[in-house]
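*Asks:* Sequence first, predicted model second:
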Amino acid sequence: MTLQLTNISLQYPGATSPALNNISCQIKSGQRIALLGENGCGKSTLAKVMCGLIEPDSGDVILNGKPLGEGWNGIGLLFQNPDEQLMASSVENELAWGLENLAMPPEVMIERIEAALVTFDLTDIRDTPPEHLSDGQKQLVALASVVVMKPDFLILDEVTAFLDPNWKDQILEKILSFSSKMGILWISTRSDENTNADEIWLMKDGLVIDKGNPESILTTEKLENTGLTFLQIRSHAGAWERGGTSKIEVIDLCFSYTGMQSQVLKNFNCSISAGQITALIGPSASGKSTLGKILKGFHEPISGKIEVRDQDSGFTAFNAKNRLKQIGWAGAHPEVQIFAPTVWEEVGFAPANQGLKGSDLENRILGALEYVGLDVDEFRGKNPMSLSGGEKRRVALAGVIAMNCQWFIFDEPTAGLDYKGIHQIIELTNRLKGQGCGLVWISHDLNLVDQLADSVLEMNHCSNIR
């Protein structure tokens with residue numbers, strides 16, 4: 001079995017340069033290929049062309065000597081964000097969805113689904129709606145829903161970006177266990193995730209610029225040429241004392257989602273200080289994002305209270321209405337919170353609603369775009385939804401920073417970013433801290449947490465344990 005691309009080119013409407021530029025490559029059954037490149041270089045576009053989701057402007061996609069046809073071609077694609085491809089009412093129904101669309105006989109469907117539930121350790125949650133699962137569980141379900149169709153080729157687009165170390169290991173173990181049965185293309189911005197590949201392709205500016213085994217490709221010189229080496233982090237650890245000693249106190253907080261018997265947070269207590277980066281860590285489904293959404297004001301707790309202290313008035317109640325105004329929130333999935341037709345309008349939406357106009361609004365937008373490293377001339381007129389995952393994340397962060405808040409909550413702010421993007425997010429986080437802002441950094445990247453955080457709050461299902 002061979003999947004071959006010949007002279008593939010594609011340019012999106014309104015773009016000034018091609019997303020793919022005369023690319024030729026091939027994957028054979030049982031082969032593990034890693035595709036590395038910076039955000040925006042064309043990796044996800046290439047993946048969508050390979051499985052038939054996007055038709056190229058020119059060139060051919062050939063599967064076993066024949067042009068790629070419509071419908072199911074035996075090429076599975078797993079997105080970075082599993083929410084984009086989960087749609088059924090339960091885990092079991094999710095596994096059945098693809099098989100039903102293939103008109104699979106019922107007895108074959110049942111056999112495959114039962115086997116997949118066991119293989120992917122999903123038996124205990126077979127009746128659970130996917131929206132009630134953690135990111136790690138969702139990604140496992142999404143992977144199972146593709147593998148149950150027995151594809152000949154499997155394309156994985158940054159599938160571990162939002163996972164904690166334990167879930168990342170589980171996903172990788174599952175993928176390696178069946179990699180001999182199909183051709184696999186693993187897309188990543190992280191050079192440290194690809195040592196198990198048979199071959200690595202380096203991509204830059206719509207071109208595959210190099211190919212080879214890991215030993216020949218993962219060299220400092222070649223990675224630097226592709227923008228994939230990690231830049232040195234300048235340590236800013238230690239609290240700043242600008243603008244007083246404001247602090248948010250969370251006291252005996254309890255919360256559970258509607259329809260769920262167990263509590264996500266139970267008698268939870270913590271303290272967050274201005275001028276500091278507070279890291280929130282813990283396994284998937286331990287309540288990190290839920291706590292962040294409660295702090296922001298998206299959810300109301302069952303009981304408990306949230307207070308804020310400033311240097312003049314002491315502790316006062318910090319209700320949800322005020323938190324919505326005074327705390328900036330950047331969620332783990334930026335596409336959920338961006339909606340305007342252009343980057344300029346997206347970043348300017350919140351400050352415009354705050355009453356800014358004219359040059360004040362323009363300067364606020366320019367400053368926010370500069371903060372996240374997006375060139376205004378290149379990005380101001382672009383549709384945010386046409387950008388790469390990493391670029392969307394920076395647009396979402398710019399929209400939050402433009403609110404000029406004292407407090408910020410960043411949920412997995414570096415997930416899916418290349419090393420250059422990670423460095424830019426680190427720098428903007430430290431700049432906000434230097435201005436006296438208090439930041440909550442929710443992350444599974446313990447190396448970054450170790451270097452950045454002034455304090456660490458470790459969660460373990462309902463409570464804080466450190």
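*Replies:* Perfect, thanks for sending it. Numbers count the residues shown, from 1 in each chain.
*Asks:* what does the domain assignment say about this protein?
*Replies:* Domain ranges of the chain: 2-226, 247-458, per automatic domain parsing.
*Asks:* Columns mean neighbour count on top of these, output as JSON lines?
*Replies:* C-beta here means a position set from N, CA and C on the backbone, and glycine is covered the same way. JSON lines is the format used below for these (neighbours: other Cβ atoms under 10 Å):
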{"stretch": "domain 2-226", "mean neighbour count": "18"}
{"stretch": "domain 247-458", "mean neighbour count": "19"}
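*Asks:* Need these in CSV (columns: mean pLDDT).
*Replies:* As requested, those are exported to CSV (pLDDT from 0 to 100):
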stretch, mean pLDDT
domain 2-226, 89
domain 247-458, 89
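*Asks:* Helices of the stretch 201-350 of the chain, residue ranges please.
*Replies:* Counting by DSSP state H, counting those that start in this stretch, the stretch 201-350 of the chain forms helices over residues 214-217, 220-226, 288-296, 320-326, 343-353, given from the N-terminal end onward.
*Asks:* out of the ones you listed, which comes closest to residue 429?
*Replies:* helix 288-296 (15.1 Å; Cβ to Cβ).
*Asks:* Specify the stretch among the helices of the stretch 201-350 of the chain that is closest to residue 421.
*Replies:* Among those, the nearest to residue 421 by Cβ to Cβ is helix 220-226 (13.6 Å).
*Asks:* Can you tell me what sits against the closest one?
*Replies:* When contacts are taken as Cβ atoms under 8 Å, 6 or more residues apart in numbering, the neighbours of helix 220-226 outside the stretch itself are 36-38, 191, 202-204, 209-210, 229.
*Asks:* Just the ones of those in strands?
*Replies:* Taking DSSP state E as the definition of strands, the contacts of helix 220-226 contribute 36-37, 202-204, 209-210.
*Asks:* next structured bit after the helix ranked longest in the chain?
*Replies:* For the chain, the longest helix by residue count, based on DSSP state H, is helix 419-434. Sequence order places strand 438-442 as the next helix or strand after helix 419-434, per DSSP states H and E.
*Asks:* Now do the next helix or strand after that following strand: which elements does it pack against?
*Replies:* Taking DSSP H and E as the definition, the helix or strand that follows strand 438-442 towards the C-terminus is helix 446-452. When contacts are defined as 3 or more Cβ pairs under 8 Å, 6 or more residues apart in numbering; DSSP states H and E, helix 446-452 sits against strand 277-281, helix 419-434.
*Asks:* Mind listing the strands the shortest one pairs with, and their directions?
*Replies:* To tie it back to what came earlier, the one meant is strand 277-281. Each strand paired with strand 277-281, and its direction, by DSSP bridges: strand 438-442 (parallel), strand 455-458 (parallel).
*Asks:* so can I have CSV of those showing distance to residue 44?
*Replies:* Rendered in CSV, the data for the strands paired with strand 277-281 read as follows (distance: least, Cβ to Cβ, whole Å):
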stretch, distance to residue 44
strand 438-442, 24
strand 455-458, 33
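*Asks:* Of all those strands, which one comes closest to residue 251?
*Replies:* Across the strands paired with strand 277-281, the minimum distance to residue 251, taken as Cβ to Cβ, is reached by strand 455-458, at 14.5 Å.
*Asks:* quick one, phi/psi of the residue nearest the centre of the chain?
*Replies:* Centroid-nearest residue in the chain: residue 415, 4.5 Å away (criterion: Cα atoms, centre = their mean). When quoted as degrees, to the nearest 10, the phi and psi of residue 415 stand at phi -60, psi 130.
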